[in-house]
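**Q** Okay, predicted coordinates and the sequence, questions at the end:
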Protein chains: 2
Amino acid sequence: MTNPLLRKLSNFVRLSEDQQQALETLTSRPKSYAGQSDIVCEGDPTSGVYLILDGWAYRYKVGDDGRRQIMSYFVPGDICDQRIFVLNRMDHNIGTLTQASIAKVSKEAIIDLTDRHPQIARAFWWSTLIDEAVAREWLMNTGRRNAVQRVGHLMCEMFVRLRAIGLVDGQSFQFPLTQIQLADTLGLSTVHLNRSLKVLRRRGLIEWARGPLTILELDKLASASMFNSSYLHLEGEVAPVSGGLTEPAARNAAVT
Amino acid sequence: MTNPLLRKLSNFVRLSEDQQQALETLTSRPKSYAGQSDIVCEGDPTSGVYLILDGWAYRYKVGDDGRRQIMSYFVPGDICDQRIFVLNRMDHNIGTLTQASIAKVSKEAIIDLTDRHPQIARAFWWSTLIDEAVAREWLMNTGRRNAVQRVGHLMCEMFVRLRAIGLVDGQSFQFPLTQIQLADTLGLSTVHLNRSLKVLRRRGLIEWARGPLTILELDKLASASMFNSSYLHLEGEVAPVSGGLTEPAARNAAVT
DNA sequence: CGCCGTGTTGACTATTCTCAACCCAGGTGG
DNA sequence: CCACCTGGGTTGAGAATAGTCAACACGGCG
């Protein structure tokens, strides 16, 4: 299974050949985007759902005072904007961080597909719920953790998410963010973010200088940042639709 | 239409008699809960979705260090825990703030209903998307606004949400929170929250002393807090499933 | 070569937190 | 009926955290 979308949705439901086929055709015509470019902007009419097949993208919003808040990162397999169904116009921006391959699917195609396949509808729904869980964890992050913990927490999250889709090489992965973007994600000033990075480096927890991020001590970084991967629901913790409840796998265990 | 759930979902889709009937039966056996009590706790096996028919409830999480983050408030019409489909066990707590009337619906009933009625499935999906939008706005709140703005923003949000379900009387509504709970919502200490309330009172923007909250100057409070109600999608801004796009109503206008 | 965006550092300021004291209202037990 | 207790709410003082402003380093690129 090389298709990132299939891979992701298969975490939640077992898809029939038929359904897999239907999803394959959705992603059959990806478009390539340059890095650091906007895909859709606030105020644009909503026109489709974006499926990330390769590269990183992100969602952000600019406040009345010009301050920016980055609200999520998208990596291969992520569904980029399901909110099309609610909004007439975008209330936020979506841009790429790296060169990216993205398939666009029309509203009508989604509605048609989900009407015919309740399983797929439920898989999309699940995917939305996980996005929501991530958003809530980020809320916990900015609300209840200090600067160093926030940075560490985000790094652990991306490590686990990327590992689940095979993009972690040993202890390292591509982390294509500027410090400015990181600061806008975590609700920090760039200066303070820079100092927090310095702390993590000095403690020997990470190595990072614009490019690959190496997490030298994942366990230590995770516990120092109060990171627990369970909210990502990536480790076979999915509730079966029918049948007995299975014991969740190691809910409070270390991330490795 | 007196059923709060029907009222809410009707914001998103036009429901047939048949579908309305199906939803009515879901909420036919509400249970009454005392105020300030926990409905479900972290670690409990997930067993059903909760539909709030009357009263306030809230979702919160307690971090490893004992600090609490309140992640959402539920008012009549809200669907309390859709995450049942993802988790085997709760990763957060849900409790009541006031005496509340809540209907519990089993996982199987939801699956059956959504399999038979794609319209209802989509309405539930919409509802989770709005919850997500609210979570993201709260992220913006804790990440990019100062203490006074955070307080004002939450008050504006609850004003608009409660007005949409007819629970605002003039400029006042019940706001059954302690300062401790407010602080845990906004990522502030109780002391600093208290001082921020004092600022809002002194500026003549609100009146509140444990009970009804009166927003004396909604426009001023909203603009000072950078509040824009569009993320709540309550004002006829819903995108039609088919047909031409309608102009969104006054996206950046004042909240009144 | 010079410009520009990013990263780094220092010095100072502002915001927010912590600790501690005290007030007040409601409830309980004598 | 009153003394006491308890859980909010309020205030002050000092400490910790984070932000702002400003300078400079460095590399890519026209």
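**A** Arrived safely.

**Q** domain ranges for chain A?
**A** Per the record, chain A has its domains at A:1-119, A:145-256, by automatic domain parsing.

**Q** Relative to chain B, which of those domains is closest?
**A** Comparing the domains of chain A by their distance to chain B (Cβ to the nearest Cβ), the top pick is domain A:145-256, with 3.1 Å. From N, CA and C alone the C-beta is placed, and that goes for glycine too.

**Q** next one: phi and psi at A:Glu55?
**A** Just so we're on the same page, residue A:55 is Gly rather than Glu. Backbone dihedrals for A:Gly55, given as degrees, to the nearest 10, come out at phi 90, psi -180.

**Q** pretty sure it contacts A:Leu97?
**A** Yes. Under the criterion of Cβ atoms under 8 Å, A:Gly55 makes contact with A:Leu97 at 7.4 Å.

**Q** Touching both of those two, which residues are there?
**A** A:Gly35 (Cβ atoms under 8 Å, 6 or more residues apart in numbering or on different chains).

**Q** Look up which helix or strand the closest residue to A:Phe173 other than its chain neighbours falls in, please.
**A** Counting by Cβ to Cβ, 6 or more residues apart in numbering or on different chains, A:Leu162 is the residue found nearest to A:Phe173 once chain neighbours are left out, at 4.9 Å. Taking DSSP states H and E as the criterion, A:Leu162 maps to helix A:147-164.

**Q** so what does the helix or strand following that helix touch, helix or strand wise?
**A** Going down the chain from helix A:147-164, the next helix or strand is strand A:172-175, by DSSP H and E. Judged by 3 or more Cβ pairs under 8 Å, 6 or more residues apart in numbering or on different chains; DSSP states H and E, the packing partners of strand A:172-175 are helix A:147-164, strand A:211-215.

**Q** quick check, the first one touching DNA strand C?
**A** It refers to helix A:147-164. No. Residues of helix A:147-164 contacting DNA strand C under Cβ under 7 Å from any atom of the strand: none, with a closest distance of 11.7 Å.

**Q** what about that helix, average pLDDT?
**A** Taken as a whole, helix A:147-164 has an average pLDDT of 97.

**Q** so does that helix get close to DNA strand D?
**A** Yes. Interface with DNA strand D: helix A:147-164 contributes A:Ala147, A:Val148 (Cβ under 7 Å from any atom of the strand).

**Q** Now do that helix: everything it contacts.
**A** Counting by Cβ under 8 Å, 6+ apart, A:73, A:75, A:134, A:137, A:141-142, A:145, A:168, A:173, A:175, A:182, A:185-188, A:192-193, A:195-197, A:199-200, A:205-206, A:213, A:215, A:218, A:221-222, A:224-227, A:229, A:232, A:234, A:255 sit against helix A:147-164.

**Q** relative orientation of that helix and strand A:211-215 in degrees?
**A** Orientation check (axes from the mean of the first three to the mean of the last three Cα atoms, to 10 degrees): helix A:147-164 against strand A:211-215 gives 100 degrees.

**Q** Now helix A:147-164 - C-alpha only, CSV.
**A** Listed next in CSV are the C-alpha coordinates belonging to helix A:147-164 (Å, rounded to 0.1, in the frame of the first residue of the first chain):
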residue,chain,number,x,y,z
ALA,A,147,8.3,27.4,26.3
VAL,A,148,10.9,24.5,26.5
GLN,A,149,8.2,21.9,27.0
ARG,A,150,6.1,23.3,24.1
VAL,A,151,9.0,22.9,21.8
GLY,A,152,9.8,19.4,23.0
HIS,A,153,6.2,18.4,22.8
LEU,A,154,5.8,19.4,19.2
MET,A,155,9.0,17.7,18.2
CYS,A,156,7.8,14.4,19.8
GLU,A,157,4.5,14.7,18.1
MET,A,158,6.0,15.1,14.7
PHE,A,159,8.4,12.3,15.4
VAL,A,160,5.6,9.9,16.1
ARG,A,161,3.4,11.1,13.3
LEU,A,162,6.2,10.8,10.8
ARG,A,163,7.4,7.5,12.1
ALA,A,164,3.9,6.1,11.5
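
**Q** Could you pull out the strands in the stretch 51-200 of chain A for me?
**A** Here the stretch 51-200 of chain A has its strands, by DSSP state E, counting those that start in this stretch, at A:57-62, A:68-74, A:93-96, A:100-106, A:172-175.

**Q** For DNA strand D, which of those is the nearest?
**A** In terms of Cβ to the nearest atom of the strand, the element of the strands of the stretch 51-200 of chain A nearest to DNA strand D is strand A:68-74, at 11.7 Å.

**Q** Output the contacting helices and strands for the closest one.
**A** Partner elements for strand A:68-74 (3+ Cβ pairs under 8 Å, 6+ apart): strand A:57-62, helix A:118-144, helix A:179-186, helix B:118-144.

**Q** Need the ones you listed in JSON lines (columns: distance to DNA strand C, mean neighbour count and mean pLDDT).
**A** Formatted as JSON lines, the helices and strands packed on strand A:68-74 follow (distance: least, Cβ to the nearest atom of the strand, whole Å; neighbours: other Cβ atoms under 10 Å in any protein chain shown; pLDDT from 0 to 100):
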{"stretch": "strand A:57-62", "distance to DNA strand C": "14", "mean neighbour count": "20", "mean pLDDT": "96"}
{"stretch": "helix A:118-144", "distance to DNA strand C": "9", "mean neighbour count": "22", "mean pLDDT": "91"}
{"stretch": "helix A:179-186", "distance to DNA strand C": "3", "mean neighbour count": "21", "mean pLDDT": "98"}
{"stretch": "helix B:118-144", "distance to DNA strand C": "10", "mean neighbour count": "22", "mean pLDDT": "91"}
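
**Q** Please convert the ones you listed to JSON lines, extending it with distance to B:Glu157.
**A** Output for the helices and strands packed on strand A:68-74, formatted as JSON lines (distance: least, Cβ to Cβ, whole Å):
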{"stretch": "strand A:57-62", "distance to B:Glu157": "16"}
{"stretch": "helix A:118-144", "distance to B:Glu157": "14"}
{"stretch": "helix A:179-186", "distance to B:Glu157": "23"}
{"stretch": "helix B:118-144", "distance to B:Glu157": "8"}
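
**Q** who wins for proximity to A:Val13 among these?
**A** The minimum distance between A:Val13 and the helices and strands packed on strand A:68-74 falls on helix A:118-144, with 4.8 Å, by Cβ to Cβ.

**Q** The closest one vs strand B:68-74, what angle?
**A** Angle, helix A:118-144 to strand B:68-74, by the same axes, to 10 degrees: 130 degrees.

**Q** Remind me what helix A:118-144 packs against, helices and strands.
**A** Packing partners of helix A:118-144 (3+ Cβ pairs under 8 Å, 6+ apart): helix A:4-9, helix A:17-26, strand A:68-74, helix A:107-116, helix A:147-164, strand B:68-74, helix B:107-116, helix B:118-144.

**Q** possible to save these as CSV with distance to B:Tyr33?
**A** Converted to CSV, these look like this (distance: least, Cβ to Cβ, whole Å):
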stretch, distance to B:Tyr33
helix A:4-9, 36
helix A:17-26, 40
strand A:68-74, 33
helix A:107-116, 34
helix A:147-164, 34
strand B:68-74, 12
helix B:107-116, 20
helix B:118-144, 21
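
**Q** Compare these and give me the one nearest B:Arg7.
**A** The nearest among those, by Cβ to Cβ, is helix B:118-144 at 11.8 Å.

**Q** got the angle for the closest one vs strand A:57-62?
**A** 60 degrees.

**Q** right, is helix B:118-144 up against DNA strand D?
**A** No. With Cβ under 7 Å from any atom of the strand as the criterion, DNA strand D is not reached by helix B:118-144; the gap is at least 8.6 Å.

**Q** How about the residues of the stretch 101-250 of chain A by DNA strand D?
**A** The interface of the stretch 101-250 of chain A toward DNA strand D, taken as Cβ under 7 Å from any atom of the strand, is made up of A:Asn146, A:Ala147, A:Val148, A:Gly187, A:Leu188, A:Ser189, A:Val191, A:His192, A:Leu193, A:Ser196.
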